[in-house]
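Student: Kindly return the folded structure for what I paste below:
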Amino acid sequence: MIKKDSNINNNHVYQNQTICFNNNKDNTEDNIFPLIKSNIKDYSHHFNTCEIGIILKCFLKINIHDIEIINTLLHQYFKRNMKFSIYGSLYVLNFFSKCPSLLLPYNMNNLKLLCSDILKKIHLFEFKNICIICNYASSLYLPTNKMFIHNFIENICNYLLNEKKEHFSSSADSIHYICNACARVHFFNKEIFNFLKIEIEKNISSFSLDQLVSLCNAYSKFKNAEQSNYLSLFLLLADHIINKSYQITTRHLSVLANSFNNACILHEKLFYIITEEGLNHINSFQPQQLVMLIHAYVNIGLINNKLLCHIWEKAYQFINEYTLQELSMLIQAYTKSSQHMDSFFNKLCHTIYIFIITKYPFLQEKRINNNYEENAKGDIENDYMENNCVDNKYIDNKYIHNNCVDNKYIHNNCVDNIYNAHHYQYNKYMNYLHILKQHKQCDLSYNTLDDKNSKQAELIFYVIYNKRNHNDFLDKSKNNFIEKKIKDHIHLNHGEKNEDTTGNKKNNNTNDSLECSSKYEHNDIINKNTNILVQNNTMPISNNSYDKNYFITNHNSCHDIDKLETWLKKYFSQHMNPTLLCSIIYSLIKGNCLLQYDLLIVLTKLSIIFLEEFKYSELANICVALSEAYIRASEENNKQNDLISIYQKEDYTHIYNEKLYNGHQIFSNKNIRTYDKKLYYSSKEYLFICKLFFDKVEIYLNKQTQLFTDIHTIYKFITSFGSLKMNKYANISLHLFNLSIFEIKKLSYLPLQKMANSFMQMNVYNEDVYAYINKLQKMKKIKK
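Tutor: Next comes the predicted model:
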């Protein structure tokens with residue numbers, strides 16, 4: 001018994017000792033790191049560059065990210081007269097590549113200095129280390145220093161081609177490092193890739209599966225493998241990948257599918273393996289890998305593949321986890337594959353919409369329970385006091401008295417304005433301009449982009465969005481005022497000079513008209529409390545404001561608005577870019593029978609902001625898509641208008657009031673279409689915004705004085721304008737036609753006919769245009 005008890009006690013003591021040892025170990029680590037930090041600070045000025053590199057290498061292994069001590073070491077490393085070290089520079093560059101978020105952009109100058117030193121001493125490095133340098137540097141290819149890293153890799157590759165080509169160490173790692181680095185930084189030099197191709201073919205058996213997959217990805221950046229003369233290389237890589245397919249992972253599957261899709265190679269055996277392995281590991285895919293597989297399978301033509309059916313279902317589960325880029329790839333693949341999954345498409349569109357309005361909430365229409373009339377009235381009454389948009393201290397008294405809106409005006413006109421939450425109002429526009437001017441005077445920086453700037457972005461968006469409306473309003477107000485004063489003078493003089501002859505009256509009236517115009521142009525005194533009502537906007541005219549400020553201020557603010565527009569583009573570019581926007585719009589409309597109005601309206605607003613940032617081909621594609629949506633929205637809106645008129649004529653007012661709200665069915669008969677209030681206002685709103693977009697496109701393209709793009713893009717512009725069936729776009733279409741007059745002959749017979757039809761839709765009465773197109777069509781027929 002005693003022995004047993006002693007054993008138990010001994011075991012208990014041993015366990016306690018183990019626990020104490022572990023605690024002591026943790027305590028030792030907690031104590032030793034401050035000691036190391038203190039010693040490094042004390043002796044940092046004694047370290048040479050190699051020792052600093054070794055210390056930083058150790059920091060990576062033991063996971064120390066103390067920025068203070070790291071900066072101390074880097075400060076010592078980059079001191080003047082420090083002796084260059086091959087391995088020191090290699091280790092420091094590696095530390096930069098592993099901790100870019102910790103060191104950059106604050107140490108950007110140090111990184112540039114390090115890379116400059118490496119290039120100067122590049123001849124001192126062994127070949128394998130040069131390849132490693134490329135690999136480290138390529139991982140630093142970030143938005144803030146893309147051009148610098150690209151040039152650095154390019155200089156190293158040129159050195160390898162010119163100086164080291166004959167001494168190339170054809171190890172699998174070296175080839176892989178160089179190839180992967182060039183692909184990362186988009187340095188697609190055919191000479192170096194052709195040279196690497198030969199080395200790959202020599203050493204193909206020495207590459208691991210990871211490296212083979214990476215090489216496929218790198219060479220796929222050249223797109224069509226047959227045209228770029230890499231088809232034989234891809235077939236060779238595929239054979240060796242198939243031999244090692246027992247090691248394949250889900251990451252390999254997605255990268256391989258994407259690579260062979262980019263290279264335009266449908267390798268049946270490889271895709272069979274991808275399909276079978278994909279089905280076996282269907283629950284192991286990451287959300288991003290699913291998107292890559294969907295995109296690749298649809299583009300390569302495997303639309304009915306059994307793996308793709310399962311992947312659509314899995315992607316639906318992860319749809320809220322995708323970035324906007326990945327959502328764009330999904331909607332593009334959905335459209336191209338002619339899928340008919342309403343629940344998937346609706347959720348996809350809703351997710352894109354939520355993503356955008358979460359980042360930019362002011363793009364969303366302000367609606368409460370779809371009660372458009374009530375909400376519109378609230379917007380009109382509180383349009384610039386709502387949500388603390390306008391600070392009272394920033395508003396001049398001359399603007400405040402304009403804030404009152406007649407109730408009769410609200411009642412009669414709210415229905416006409418509710419389809420556009422950003423509709424122009426003079427008072428609102430002037431107040432927003434005034435606030436932005438105050439922000440500028442307070443030296444608030446427009447260089448920072450954070451949540452605090454969201455409200456400024458909202459004001460700027462409204463000002464830019466309504467810039468043309470504001471100018472048109474001022475011009476019409478000016479003209480209306482002149483006409484009114486002329487009529488008043490004519491009427492007054494007619495009564496006073498009744499006894500004069502008819503000839504004298506005409507002369508006097510003409511003189512009075514000229515006198516009134518002269519007075520207006522020279523800003524003479526105008527009667528107080530005179531109001532001009534143009535397009536439901538009340539603009540006060542007073543001695544103190546109108547004669548010197550209203551129109552002149554608008555002219556002087558144009559330069560400031562241009563600056564604000566540049567800032568706004570930068571603000572939107574945090575999460576959006578023109579190419580991405582073009583892809584979403586085109587995929588959303590083409591091939592999908594239902595228009596997602598909420599999303600479409602938001603995307604059109606973004607297109608207005610990014611208008612001048614698009615490539616001409618992208619802008620043309622957007623015009624084609626939006627014009628198609630315009631036709632469909634117009635038809636839908638007309639149908640809803642017809643339904644309203646039918647119900648009103650047949651006196652179904654009581655049914656309308658009871659069951660019309662929110663699109664409830666009015667009749668029990670399913671064959672009779674019902675009025676949908678939301679659909680009516682959404683389609684009407686889109687028609688308004690679409691017109692605004694095309695008006696801005698017209699202004700933008702009118703600036704071109706010579707041929708600026710290819711004829712197929714011009715063709716898309718003209719046909720999209722024509723499909724709108726608006727005479728006002730005839731001039732811009734003729735302008736584009738004249739710019740490309742010598743290129744039109746490149747079009748085939750059918751596009752020429754569509755172009756002629758577009759001119760007819762815009763009521764263009766120019767026989768020369770039709771004669772020229774007809775002549776080209778006859779030439780096309782003769783050639784056939």
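
Student: And the contacts of stretch 701-718?
Tutor: 616-617, 620-621, 623-624, 697, 732-733, 735-737, 739-740, 743-744, 746-747, 751, 754-755, 758-759 (Cβ atoms under 8 Å, 6 or more residues apart in numbering). The way it works is simple: take the backbone N, C-alpha and C, and place the C-beta from them, glycine included.

Student: tell me the mean pLDDT over that stretch?
Tutor: The pLDDT scores in stretch 701-718 average 93.

Student: can you check stretch 108-125 too?
Tutor: On average, stretch 108-125 scores 93.

Student: Next up, phi/psi of Ser85, please.
Tutor: The phi and psi values for Ser85, taken as degrees, to the nearest 10, are phi -130, psi 130.

Student: That one and Asn48 touch, don't they?
Tutor: Yes - the pair Ser85 and Asn48 passes the contact test of Cβ atoms under 8 Å, sitting 6.8 Å apart.

Student: neighbour count winner among these two?
Tutor: Ranked by neighbour count (other Cβ atoms under 10 Å), Ser85 and Asn48 place Ser85 first, with 21 against 14.

Student: need the contact list for that one.
Tutor: Residues counted as contacts of Ser85 (Cβ under 8 Å, 6+ apart) are 48-50, 53.

Student: Which members of those occur in helices, if any?
Tutor: Among these, the ones falling in helices (DSSP state H) are 49-50, 53.

Student: What average pLDDT does the helix or strand harbouring Leu215 get?
Tutor: Using DSSP states H and E, Leu215 falls within helix 209-219. For helix 209-219, mean pLDDT is 96.

Student: So which residues make contact with that helix?
Tutor: 172-173, 176, 179-180, 182-183, 193, 197, 200, 207, 225, 230, 233-234, 237, 240-241, 244, 247-248, 252, 255-256, 258-260, 263.

Student: Ok, stretch 265-273 next?
Tutor: With Cβ under 8 Å, 6+ apart as the test, stretch 265-273 has contacts from 225, 231, 234-235, 238, 241-242, 245, 248, 256-257, 260, 300-302.

Student: For that stretch, list every residue counted as buried.
Tutor: By neighbour count on 16 or more other Cβ atoms under 10 Å, the buried set for stretch 265-273 is 265, 267, 270-271, 273.

Student: circling back: by neighbours, which of the contacts of Ser85 wins?
Tutor: If you count neighbours using other Cβ under 10 Å, the busiest of these is Gly53, which has 24 neighbours.

Student: which residues touch it?
Tutor: Counting by Cβ under 8 Å, 6+ apart, Gly53 touches 77, 85, 87-92, 95.

Student: just the buried members of those?
Tutor: Among the contacts of Gly53, those buried by neighbour count (16+ other Cβ under 10 Å) are 77, 85, 88-92, 95.

Student: Just the ones of those in helices?
Tutor: Those of those mapping onto helices are 77, 88-92, 95, per DSSP H.

Student: Nearest to Ile319 among these?
Tutor: Ile319 lies nearest to Phe95 out of those, by Cβ to Cβ, at 38.2 Å.

Student: Name the secondary structure element that contains the closest residue to the closest one other than its chain neighbours.
Tutor: Excluding the flanking residues, the one nearest Phe95 by Cβ to Cβ, 6 or more residues apart in numbering is Leu56, at 4.3 Å. In this structure, Leu56 is located in helix 49-62 according to DSSP H and E.
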